[in-house]
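Participant: sequence and predicted structure, then a few things I'm wondering about:
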Number of protein chains: 2
Amino acid sequence: MSGLDADDRALLERRRKVLGGAYRLFYDQPLHPQRGEGVWLYDRHDRAYLDAYNNVACLGHCHPHVVAAISRQAARLNTHTRYLDETILDCAERLLATLPPPLAQVIFTCTGSEANDLAYRIACQYTGAQGLIVTRMAYHGVTQALAQASPSLGAQVPLGTHVRTVELPDACDRDALTPAQRFAAQVQRAVNELAAAGIRPAALLLDSVFASDGIVTDPAGFIAPAVEVIHRAGGLFIADEVQAGLARLGEPFWGFVRHRVSPDIVTLGKPFGNGHPVAAVVARRECMEAFGQASRYFNTFGGNPVSCAAALAVLEVIEREGIPKRVEEVGEYLRRGLGQLAALHPEIGQVRGAGLFIAVAFASNAERSAAAIARAVVEGMRERGVLLSLTGAGGDVLKIRPPLVFERQHADILVERLDQTLAALRAGPPPMT
Amino acid sequence: MSGLDADDRALLERRRKVLGGAYRLFYDQPLHPQRGEGVWLYDRHDRAYLDAYNNVACLGHCHPHVVAAISRQAARLNTHTRYLDETILDCAERLLATLPPPLAQVIFTCTGSEANDLAYRIACQYTGAQGLIVTRMAYHGVTQALAQASPSLGAQVPLGTHVRTVELPDACDRDALTPAQRFAAQVQRAVNELAAAGIRPAALLLDSVFASDGIVTDPAGFIAPAVEVIHRAGGLFIADEVQAGLARLGEPFWGFVRHRVSPDIVTLGKPFGNGHPVAAVVARRECMEAFGQASRYFNTFGGNPVSCAAALAVLEVIEREGIPKRVEEVGEYLRRGLGQLAALHPEIGQVRGAGLFIAVAFASNAERSAAAIARAVVEGMRERGVLLSLTGAGGDVLKIRPPLVFERQHADILVERLDQTLAALRAGPPPMT
Ligand SMILES: Cc1ncc(COP(=O)(O)O)c(C=O)c1O
Ligand SMILES: Cc1ncc(COP(=O)(O)O)c(C=O)c1O
């Protein structure tokens, strides 16, 4: 981090002193943004960075309509769900209008973690069971119940004894089964393993784009037979849409819609307030009723008028600006550009994804492993003013997940800089090991 | 709810349809506030309600300094903890300055639940143990791990097998032990019970005012020997300051300070952002280090620049306006007024509390149980324009917990209306059963 100036070194020192050691920073040379606007972040020297990673600021950083909604409501009234309020109902109804009708009732939370944690509680209550099935590199949140169902946190955060993991179908497998059959077989195996331990499954919990498993979006529909398996076993299907939801994939407003499946519970968060802490659980009425009969639920800040005003503003802008269609167009354009790069750079193994959730999987070359290439690309792109990060079990997949207002001109910049970065990597000195 | 007008009945109907059944409303005739200012909420007819219950809006509803901080920061930059940012450090340092030095490092969350859940995870990691000791009517949050350690949620939300509960010392007990000794004996018993089940204790988790146990603040210091017991047993002491913290009790800025004990971990939330969703865990460095070595922690919204700007603004106003001293003065004034009422109304059994966290425990009379009186008082006060609620195992304790900017004139209104309410209750028709 020698490239940091004295001010930023002082910040780093303050961080080390007063923030818990579980915090991590991005980049060898951490970024210190000062302001954000649209798809851009600006540092102290007013250098612009193209944000191709932040899915929270889905409408772009500091979107004026959302900022105005927050400021207006914060100045007028901010209470809680134990009083009557219109904003929470406007927001809930508008959200439900984007979902298939069996998903009928909402509970608001503040974070994606709280939403998944609550979804799990609801599933346990409804099924009377405890077992939970997730993918091998899943991440679902920070609470105790979710950390022990988030294998991507690493071996030092052990999985719960009621948790089983499944492998995602790899497009390269060459057996007689389709990816859908292979995935269903994995879930059936997990159900059987739970049964052998005397545990019934409460839920299959899937991130609809498998973001931390390396972004696996195809073939569309491949999760459908697995959903049938969990239903036959008496468990619920929870679609974690914290990453995939809210038009990230384009016209199929939700990731599960692209797979043509019917979740019993849907969770969402990150982009819901364009940065304001708001998230939600949507479930079938029977599930919510079973939970409501057993327990009250009061989340002090969840569903407060300001949070709901922020989320409502986001839903409005997504509709008004025709975001889903734009996402689909720009996403396709960007994938095409990346595909063309793949022909020039053997380091690019595969370009995949849907809408504006795109993965570039790297392939090892004579000098570097795929993961080393991936790390070098992320740092090289940061130096060239484009913000990205990695995913996948091997950390060898570039995760491209820009604000939904990304345009062709921004896609062009990204592709051009990636071209430069890969060329420089090949031209540069071999890595020191 | 016959007194509701058509508009509010329509809202109720919409709520029933689209919100999960676990939501609860306050009052027989739910309130529908339109705007808030200082200690007042206003309904559609611009009728003013004195808010004597909302501890979240600690500086008063829609405090202009906090609203401005949120609006300004939301318009400039809202990212996350993986970039360098000054606001989070300013906020963390200012928070730490209010705490004794062993409490050295902060992790930000969005809710009190997330803070307690994380505190429990940290305690488990640090001690290598799982057991958790809480009070008999404790409430610590909505996550799965906390719901099973929150007996106040009721019998249908079963306690975890690793959870044990302790009784608070009742001032009326007449054995040879002091309340402090009695409480320590309870905790020792819980430790022993855990040991008998082969479980070591990770933590004793206490709300420093025991809000849901009926508000038990005295004698100051009574929890100290219990803290020694948990430490001797190898567990940590977690002070849940979500209710008690941030000058609620006056000059002892934190509830545990009043008890002259040293927590290993402190959690806070509710008032921290004056309504904005922000909360935190503060812990001894060794605890944070043990956790950070085992796990990263990323809370998407936790510690974002807007949340930290809100919290920083709150800390600034508390200091600038000398809130702790004011709280102590007004709290004492209010308790004195309530004490004088007790001489007039035999229904008032006891007035207790500290700072602006005050309990009025009711006593049964010939016609009504204490709980029935308490319920009638809450409804009667709402009709007279004062907002309050109940606590305690029997639901017979009036919980008075106004914004910290409550003044003598507001205390006068509260006392006067309570006088009227109790008089009307006695004069009115006997209850129908
Ligand atoms: C798929 C998925 N689910 C849940 C979460 C948790 O969301 P939050 O950080 O808001 O608690 C995340 C966060 O990265 C996520 O990626
Ligand atoms: C003592 C205590 N701890 C924790 C919480 C949970 O806070 P939150 O609702 O912000 O999750 C509460 C909320 O009422 C509380 O009273």
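Facilitator: Now that the structure is in, tell me what you want to look at. Ligands and ions are numbered 1, 2, ... in the order given.

Participant: and the most centrally placed residue in chain A, what does it touch?
Facilitator: In chain A, the centroid-proximal residue (C-alpha atoms, centre = their mean) is A:Q243; its distance is 2.3 Å. Shown in contact with A:Q243 (C-beta atoms under 8 Å, 6 or more residues apart in numbering or on different chains): A:55, A:207-209, A:211, A:255, A:270, A:357, A:401. Quick note: C-beta positions are derived from backbone N, CA and C, even for glycine.

Participant: how much space between it and A:P64?
Facilitator: Going from A:Q243 to A:P64 by C-beta to C-beta, to the nearest Å gives 25 Å.

Participant: with A:A138 instead?
Facilitator: 36 Å.

Participant: once you drop chain neighbours, what's closest to the residue of chain A found nearest ligand 1?
Facilitator: Nearest to ligand 1, among the residues of chain A, is A:G112, at 2.5 Å (C-beta to the nearest ligand atom). Nearest residue to A:G112 in three dimensions, chain neighbours excluded: A:G269, at 3.1 Å (C-beta to C-beta, 6 or more residues apart in numbering or on different chains).

Participant: what residues does the one you found make contact with?
Facilitator: Per C-beta under 8 Å, 6+ apart, neighbours of A:G269: A:109, A:111-113, A:115, A:242, A:278-280, B:300.

Participant: show me which pair in these is furthest apart.
Facilitator: In the contacts of A:G269, two members sit farther apart than any others by C-beta to C-beta. They are A:A280 and B:T300, at 14.1 Å.

Participant: export the contacts of A:G269 as a markdown table, with columns for neighbour count, secondary structure and pLDDT.
Facilitator: Below are those laid out as a markdown table (neighbours: other C-beta atoms under 10 Å in any protein chain shown; DSSP: H, G, I helix; E, B strand; the rest coil; pLDDT from 0 to 100):
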| residue | neighbour count | secondary structure | pLDDT |
| --- | --- | --- | --- |
| A:T109 | 33 | strand | 98 |
| A:T111 | 30 | coil | 98 |
| A:G112 | 28 | helix | 98 |
| A:S113 | 34 | helix | 98 |
| A:A115 | 32 | helix | 98 |
| A:V242 | 30 | coil | 98 |
| A:V278 | 32 | coil | 98 |
| A:A279 | 30 | strand | 98 |
| A:A280 | 29 | strand | 98 |
| B:T300 | 22 | coil | 98 |
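
Participant: now distance to A:A411 too, for those, in CSV please.
Facilitator: Formatted as CSV, the contacts of A:G269 follow (distance: C-beta to C-beta, whole Å):
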residue, distance to A:A411
A:T109, 34
A:T111, 30
A:G112, 27
A:S113, 32
A:A115, 31
A:V242, 24
A:V278, 29
A:A279, 29
A:A280, 31
B:T300, 25
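
Participant: show me which residues of the stretch 201-350 of chain A sit near chain B.
Facilitator: The stretch 201-350 of chain A comes close to chain B at residues A:269-270, A:275-278, A:281, A:283, A:288-289, A:291-302, A:304, A:306-307, as judged by C-beta under 8 Å from any C-beta of the partner chain.

Participant: any idea of the mean pLDDT in stretch A:254-272?
Facilitator: For stretch A:254-272, mean pLDDT is 98.

Participant: contacts for stretch A:12-32, please.
Facilitator: Residues contacting stretch A:12-32 (C-beta under 8 Å, 6+ apart): A:1, A:3-4, A:8, A:11, A:41, A:43-44, A:49, A:378-379, A:382, A:387, A:389, B:81-85, B:88-89, B:92-93, B:96, B:104-107, B:281, B:283, B:288-289, B:291-293, B:295-298.

Participant: kindly recompute the last result at 6 Å.
Facilitator: Contacts to stretch A:12-32, defined as C-beta atoms under 6 Å, 6 or more residues apart in numbering or on different chains, come from residues A:1, A:3, A:8, A:43, A:379, A:382, B:81-84, B:89, B:92-93, B:105-107, B:288-289, B:291-292, B:295-297.

Participant: which of the residues you listed fall within helices?
Facilitator: Residues of the contacts of stretch A:12-32 located in helices (DSSP state H): A:8, A:379, A:382, B:89, B:92-93, B:288-289, B:291-292.

Participant: could you identify the most distant pair in those residues?
Facilitator: Spatially, the most separated pair among the ones in helices among the contacts of stretch A:12-32 is A:E379 and B:E93, at 30.2 Å (C-beta to C-beta).

Participant: excluding its backbone neighbours, what's nearest whatever residue of the stretch 1-150 of chain A ends up closest to chain B?
Facilitator: Relative to chain B, the nearest point of the stretch 1-150 of chain A is A:G21 (2.6 Å; C-beta to the nearest C-beta). The shortest distance from A:G21 to any non-neighbouring residue, by C-beta to C-beta, 6+ apart, is to B:G292 (2.6 Å).

Participant: tally of neighbours for the one you found?
Facilitator: Counted with other C-beta atoms under 10 Å in any protein chain shown, the neighbours of B:G292 add up to 20.

Participant: so, low pLDDT: which residues of chain A?
Facilitator: Within chain A, the ranges that satisfy pLDDT under 70 run A:1-2, A:171-174, A:432-433.

Participant: up against ligand 2, what does it have?
Facilitator: Proximity of chain A to ligand 2, by C-beta under 6 Å from any ligand atom, involves residues A:299-301.

Participant: which one of the residues you listed sits closest to B:R352?
Facilitator: Of those, the one sitting nearest to B:R352 (C-beta to C-beta) turns out to be A:T300, at 24.1 Å.

Participant: so what's that closest one up against?
Facilitator: B:K270.

Participant: against A:L194, how distant is A:C287?
Facilitator: A:C287 sits 20 Å away from A:L194, taking C-beta to C-beta as the criterion.

Participant: which of the two has more neighbours?
Facilitator: Each of A:C287 and A:L194 has its neighbours counted (other C-beta under 10 Å); A:C287 has more, 26 against 23.

Participant: phi and psi next, for the residue lying closest to that one once chain neighbours are set aside.
Facilitator: Excluding its sequence neighbours, the residue lying closest to A:C287 (C-beta to C-beta, 6+ apart) is A:Y126, at 4.8 Å. According to degrees, to the nearest 10, the main-chain angles of A:Y126 amount to phi -70, psi -40.

Participant: count the neighbours of A:Y126 for me.
Facilitator: The tally of other residues near A:Y126 (other C-beta under 10 Å) stands at 23.

Participant: which of A:A138 and A:P64 has more neighbours?
Facilitator: A:A138 (25 against 13).

Participant: just to be sure, the more buried one is in a strand?
Facilitator: No. The assignment for A:A138 is coil, going by DSSP: H, G, I helix; E, B strand; the rest coil, so no strand is present there.

Participant: now do the contacts for it.
Facilitator: A:150-151.

Participant: next one: A:L425 from A:L338, what distance?
Facilitator: A:L425 is 16 Å from A:L338, where distance means C-beta to C-beta.

Participant: give me the more crowded residue out of the two.
Facilitator: A:L338 (24 against 19).

Participant: quick check: phi and psi at A:A361.
Facilitator: phi -90, psi 130.

Participant: for it, which residues are in contact?
Facilitator: Counting by C-beta under 6 Å, 6+ apart, A:A361 makes contact with A:349-350, A:397.

Participant: brilliant, that's me finished.
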